[in-house]
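Colleague: using only what follows, build the 3D model:
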Amino acid sequence: MTDNDIQCRLEVYLELRRSLGFVVCYEAYALKELLQYIQAKGLSWPIRCQTVLDWIAAAIHCGPAGQRARLIHARGFLRHLKASFPETEVPPSGILAWLPHLSVYLGHLNKEETYWYLTATPELLTAAGDAFCRYGDGGEPK
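Modeller: The predicted model follows:
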């Protein structure tokens, strides 16, 4: 899929949202910025979770609320793409909420190390999430 194809898919997605009554001003801005980020990094199709998380982490000017909004908008668009292109990766919904706690649990000095760790392989994400859930429930991690 070319950059123009993705851009066309984004426009169709935004028009669909508008036709359903959603106001998409910030959403359109954020998603166009995501596509610009992908193009600037020279990345190709399919869009990966790590790419989206890197884009969110690079937006330190947004603060936590802005980063959460970016994740929500990106997830919506990526779910839309995934319906036609199953190789599209959609970041997990609650990943930003648990990152500070998970960073401490994993012994990382900053969230960026945890972003990398969680997206290195899907198996690592599953294992870390399971261990953290057991830890959060008062059980001992295995």
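
Colleague: where are the low-confidence patches of the protein?
Modeller: Across the chain, the ranges flagged by pLDDT under 70 are 95-125, 136-142.

Colleague: domains in it, by residue range?
Modeller: 3-84, 95-136 (automatic domain parsing).

Colleague: export those to a markdown table and append columns for mean neighbour count.
Modeller: The C-beta positions use only the backbone N, C-alpha and C, and glycine is treated the same way. Converted to a markdown table, the domains of the chain look like this (neighbours: other Cβ atoms under 10 Å):
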| stretch | mean neighbour count |
| --- | --- |
| domain 3-84 | 15 |
| domain 95-136 | 15 |
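
Colleague: Phe85 - how many residues pack around it?
Modeller: Applying other Cβ atoms under 10 Å, we find 16 residues neighbouring Phe85.

Colleague: tell me the spacing between it and Leu35.
Modeller: According to Cβ to Cβ, to the nearest Å, Phe85 and Leu35 sit 15 Å apart.

Colleague: cool, Gln67 as well?
Modeller: Look at Gln67 and Leu35: by Cβ to Cβ, they are 18 Å apart.

Colleague: mind naming the longest helix for this protein?
Modeller: helix 63-84 (DSSP state H).

Colleague: need the residues that contact that one.
Modeller: 9-10, 13, 16, 26-27, 30-31, 34, 47, 52, 55-57, 59, 62, 88-91, 93, 95-97 (Cβ atoms under 8 Å, 6 or more residues apart in numbering).

Colleague: in helices, which of these appear?
Modeller: Per DSSP H, the subset of the contacts of helix 63-84 in helices is 9-10, 13, 16, 26-27, 30-31, 34, 52, 55-57, 95-97.
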